[in-house]
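**Student:** would you be able to build a 3D model of this:
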Amino acid sequence: MTIPTPGCRVSTNAEQGRPTGRRREEPAMHQSVREAFMPFSKPLEGRLDFMYLDVKGLVSTGVGNLLDADDPSAFGSNPNPLPDIFTLDWFDKDTGVLADRAEIEEEYRKVKFSGTSLATTDQKGAVTRLRTSQQAIDALVTRKLDSFENSLRGRDMFAGYDGWPADGQLGLLSMAWAMGPLFRFPKFQAAAASGDWLTMAQECRMTEAGNPGIIPRNVRNGLLFTLAGWVTTLPDGDHGRLVFDPVRRLDDWMRSGDHPVPLNLTIGLQKALETLGFDPKGLDGIIGKGTRAALTAFQASLALTQTPGVSSVTDVPQETMVALRAGLDARGVACFP
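**Tutor:** This is a model prediction of the structure:
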């Protein structure tokens, strides 16, 4: 694919995803976002047809759908399920007989106090008797997605959401799916209100301590907001088209050449090093031994200051980033920003 060259046309506020002071009547979510949400979310959350205890000790099901109104800091303080649990068609996995309300509540309490938050998926499933259908999971995800979007659209800092590029919409919905639509990230929210996509990419990061499973989502969200920023620079950028492909493996997609190398992100640093012949041992957005070794080897090859202790792309000296950009340019590889 030939990557378009940014033009000089000035985008309108709506095109850039900035507040316009008006609300569109048609559905806000791009169809490409709706179609991509499930394949985007499944690798991050899984897709389970039984109740399970997540890492925070909250009962969930489906694609990370909470069924639990408990306070994680006061485990067991509210052992009653959310009403959503009763909208699903729970049935006995052996007999296929539909469960009644009392059986659903009993299963919920069994899972809630099973102590399986850190167990394997098979172990979590082994303590359960009830299952729900794939159609019910799809319906639950759709309801929640639409509900979260409505809540996000009602927040002033996201007033421009209707006009955001598809990648930006998916990134925001991803954050809401992980934290709820009323999350508070002041720097991210201020950047969203002004259409500052690169700051959004930097400030969207959710806390990873104690929850390493959030790392892949953080990597993808940073990519999505960066891609949204790139789309707004294109003279004829199609805001309804999703640049990110959630169906492909992340590393395969990064090597596709269908988009510029995002040099503001760790995964972009890895891609640049790999392109220039310095193998970071994977494109995953996580700086480890392979990335540090590739970075210092690149720096040594140009007699640049070596920085073996970097923990993120923001730690990389500017002279190194300039040299990476120059190397990509020499090979005809587009980068952004």
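
**Student:** which residues in the protein form helices?
**Tutor:** Assigned by DSSP state H, the chain shows helices spanning 13-16, 31-45, 101-112, 121-126, 134-153, 166-179, 186-194, 197-203, 215-233, 250-254, 266-275, 289-301, 318-330.

**Student:** in the fifth one, what's buried?
**Tutor:** Translated: helix 134-153. For helix 134-153, the neighbour count (16 or more other Cβ atoms under 10 Å) marks 136-137, 140-141, 144-145, 148-149, 152-153 as buried. All C-beta atoms are positioned from the backbone trio N, CA, C, and that covers glycine.

**Student:** with the second one instead?
**Tutor:** Under the neighbour-count criterion of 16+ other Cβ under 10 Å, helix 31-45 has 32-34, 36-38, 40-41, 44-45 buried.

**Student:** quick check: mean pLDDT of stretch 65-85?
**Tutor:** Stretch 65-85 shows a mean pLDDT of 81.

**Student:** ok, residues contacting it?
**Tutor:** Stretch 65-85 has contacts (Cβ atoms under 8 Å, 6 or more residues apart in numbering) with 51, 56-61, 104-105, 108-109, 112-113, 137, 140-141, 144.

**Student:** quick one: buried ones out of these?
**Tutor:** Among the contacts of stretch 65-85, those classed as buried by neighbour count (16+ other Cβ under 10 Å) are 51, 57-61, 104-105, 108, 112, 137, 140-141, 144.

**Student:** turn those into a markdown table, columns for pLDDT.
**Tutor:** Shown next, in a markdown table, are the buried ones among the contacts of stretch 65-85 (pLDDT from 0 to 100):
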| residue | pLDDT |
| --- | --- |
| 51 | 97 |
| 57 | 88 |
| 58 | 91 |
| 59 | 94 |
| 60 | 95 |
| 61 | 97 |
| 104 | 97 |
| 105 | 94 |
| 108 | 95 |
| 112 | 93 |
| 137 | 97 |
| 140 | 96 |
| 141 | 96 |
| 144 | 95 |
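
**Student:** what's the closest of those to residue 213?
**Tutor:** The closest of those to residue 213 turns out to be residue 60 (Cβ to Cβ; 12.5 Å).

**Student:** next, the nearest residue to that closest one once chain neighbours are set aside: phi, psi?
**Tutor:** Computed as Cβ to Cβ, 6 or more residues apart in numbering, the closest residue to residue 60 that is not its neighbour in sequence is residue 54, at 4.9 Å. Note on residue 54: its backbone torsions stand at phi -80, psi -180 [degrees, to the nearest 10].

**Student:** residue contacts, residue 108?
**Tutor:** Applying Cβ under 8 Å, 6+ apart, the residues near residue 108 are 51, 59, 67, 81, 85.

**Student:** pipe the residues you listed into TSV and attach distance to residue 222 per row.
**Tutor:** Formatted as TSV, those follow (distance: Cβ to Cβ, whole Å):
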residue	distance to residue 222
51	32
59	30
67	30
81	34
85	33
